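S.K.: Here you go, sequence then predicted model.
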Amino acid sequence: MALHTALTHLFDARLAEAQRTSRAPSAAAAVIGNGEIVWSGAAGRTNGRPDGETATTATQYRIGSITKTFTAVLTLRLVEDGLVTLTDPVAQHLPELADRLPGVRVSELLTHGAGLPAETEGAWWERSQGRTWDELQPSIRLIHRPGRRFHYSNVGFAVAGELVARLRDSTWWDRLQVEVLEPLRLRDTTYAPTAAAAPGLAVHPYADLLHDEPATDTFAMAPAGQLWSTVHDLAVFAKFLARGDRRVLSDELRTEMQIPALINDDPGASYTRAYGFGLDIINHGGQRFIGHGGSMPGHQSALRIDPETGDGAVQLVNSTAGLDLDNLQLVHALRERAPRIGSAWTADPAHTEAADIVGTWFWGPRPHLLTREGSGLRLAPLGGGRGSRFAPDADGGWIGLDEYFAGERLTVHRDAGSAPAYLDLGSFRFARTPYDPAGDIPGGAGTGWR
């Protein structure tokens, strides 16, 4: 998808303006359309000085908590390989935590629902010498009831990283390279900064002065925020999150990452953010975006992508204060000024298979419309309300994919002449007419309408 010159200029101008008005030393960004990078750019000097090196899209920045999404993928690979289940108690695999994390499940580490503290005991881990797993132990303690509330926890992802290392008999970083970075060819994503990295800097709030920030090795806390990367590598990772790559993770587990598990409840604000497995899920005007943000001293980052369309954006900056650039505004500009032209409609002979069951069905007196959607079905009430998509299963029925009937089985019951008589959906009956006696209505159809 090639962008016209005016839109490319718009993105260049927005990044340049954000770098200037935010007084950021340097920044890089990329816009993703349909899973592919359609624009990328950089602005500023990496050291913030007039004679400094000009930033490029190959400049590396620290990505902070976007690291957590990588750690979540590694943890789900343990699930895929049968080494752990999401409902396992963490202490089953890390027995030294039995007294401190009673009943905490593996899934709760990935949703910030384990009840662990946000930060470490003692010196702030982001700016101090990293600590070993043994040194981290005093920080691993419950401050909330597990599974009850969203409480962002860097410590929880350190525990998830140790789980990966222990069950793989390796290190978190070694497994990340082999299992994720190499298959996705993320060659510029590293544990420590390379020669192409921008230094971490803070900018004085009232004067044009700079302050050096530390680039620490966080050791046991590395799974929570250690990595360095580029906008191009992060755009490829974003595409994986939206479109998948079975060499890295099954589509079933990848899409499970995107299911909201716990709401981020900000008092006085509408619910717009939830957390899945290592992923923020943002509800922006009814549109769902997944991704993560990150910050470490001297750096901030953001990744957002629409898993349905593959449209998204990433940004990186070497400033503790961050960059005033909204990723979602970049996506909306792409959609408004370069709308995607869909493929032409054509008939599909495969739809003959379900031609006699599509149409109007009634649950009680309420009409629902069953339509063919791709290789599956969609059932939704007329006039709006809860509905679901369905995929065919091996037994000739259909399984709900989302919304109210996710995981529920839809079965078509036919009469003696093989015509569809009623639908059974999780014990609900849908008949061709309201309360049709042929619909096997629970409690019976009574004496009919009167």
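M.R.: On my side now, so go ahead.
S.K.: any idea which helix is longest in this structure?
M.R.: helix 5-21 (DSSP state H).
S.K.: Now do the buried residues in it.
M.R.: For helix 5-21, the neighbour count (16 or more other CB atoms under 10 Å) marks 7-8, 10-11, 14-15, 18-19 as buried. Glycine gets a C-beta too; all of them are placed from N, C-alpha and C.
S.K.: Check the spacing between residue 135 and residue 101 real quick.
M.R.: Computed as CB to CB, to the nearest Å, the residue 135 to residue 101 distance reads 17 Å.
S.K.: before we move on, the earlier item: please state the offset of the longest helix of the chain from the chain centre?
M.R.: Distance of helix 5-21 from its chain centroid, counting by CA atoms, centre = their mean, to the nearest Å, is 27 Å.
S.K.: Please apply the same query to stretch 33-45.
M.R.: Relative to where its chain is centred, stretch 33-45 has its mean C-alpha point 20 Å off (CA atoms, centre = their mean).
S.K.: before we move on, what about stretch 4-22?
M.R.: 27 Å.
S.K.: count of residues packed around residue 416?
M.R.: 6 (other CB atoms under 10 Å).
S.K.: the strands in the stretch 351-450 of the chain, which residues?
M.R.: 359-363, 366-373, 376-381, 388-392, 398-400, 409-414, 420-425, 428-431 (DSSP state E, counting those that start in this stretch).
S.K.: ok, the longest one: who's next to it in the sheet?
M.R.: According to DSSP bridges, strand 366-373 forms sheet pairs with strand 359-363 (antiparallel), strand 376-381 (antiparallel).
S.K.: Just give the nearest non-adjacent residue to residue 298, would you?
M.R.: Leaving aside its chain neighbours, residue 298 sits nearest to residue 200 (2.0 Å; criterion: CB to CB, 6 or more residues apart in numbering).
S.K.: Then residue 428?
M.R.: Per CB to CB, 6+ apart, closest to residue 428 is residue 363, 5.9 Å.
S.K.: do residue 162 as well
M.R.: residue 133 (5.7 Å).
S.K.: Distance check, residue 206 against residue 49.
M.R.: When residue 206 is compared with residue 49 (using CB to CB), they lie 19 Å apart.
S.K.: okay, those two: which has more neighbours?
M.R.: Counting neighbours by other CB under 10 Å for residue 206 and for residue 49 shows that residue 49 has the greater number, 10 against 6.
S.K.: Looks to me like the more buried one is in a helix.
M.R.: No. Under DSSP: H, G, I helix; E, B strand; the rest coil, residue 49 falls outside any helix and is assigned coil.
S.K.: tell me the contacts of it?
M.R.: Contact analysis of residue 49 by CB atoms under 8 Å, 6 or more residues apart in numbering lists residue 210.
S.K.: My understanding was that residue 59 contacts residue 26; is that so?
M.R.: Yes. Contact criterion CB atoms under 8 Å: residue 59 and residue 26 qualify, at 6.7 Å.
S.K.: the more surrounded of the two?
M.R.: residue 26 (27 against 22).
S.K.: residues in contact with the more buried one?
M.R.: Contacts of residue 26 by CB under 8 Å, 6+ apart are 19, 42-46, 48, 55, 59, 198, 317-318.
S.K.: and the residues you listed as JSON lines, adding pLDDT and distance to residue 188?
M.R.: JSON lines is the format used below for the contacts of residue 26 (pLDDT from 0 to 100; distance: CB to CB, whole Å):
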{"residue": "19", "pLDDT": "98", "distance to residue 188": "21"}
{"residue": "42", "pLDDT": "98", "distance to residue 188": "14"}
{"residue": "43", "pLDDT": "98", "distance to residue 188": "19"}
{"residue": "44", "pLDDT": "98", "distance to residue 188": "19"}
{"residue": "45", "pLDDT": "98", "distance to residue 188": "20"}
{"residue": "46", "pLDDT": "98", "distance to residue 188": "15"}
{"residue": "48", "pLDDT": "98", "distance to residue 188": "22"}
{"residue": "55", "pLDDT": "98", "distance to residue 188": "14"}
{"residue": "59", "pLDDT": "98", "distance to residue 188": "10"}
{"residue": "198", "pLDDT": "98", "distance to residue 188": "13"}
{"residue": "317", "pLDDT": "98", "distance to residue 188": "17"}
{"residue": "318", "pLDDT": "98", "distance to residue 188": "15"}
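S.K.: Which members of those residues occur in helices, if any?
M.R.: Counted as lying in helices by DSSP H, out of these, are residue 19.
S.K.: closest to residue 106 among the contacts of residue 26?
M.R.: Within the contacts of residue 26, proximity to residue 106 (CB to CB) peaks at residue 317, which comes in at 33.5 Å.
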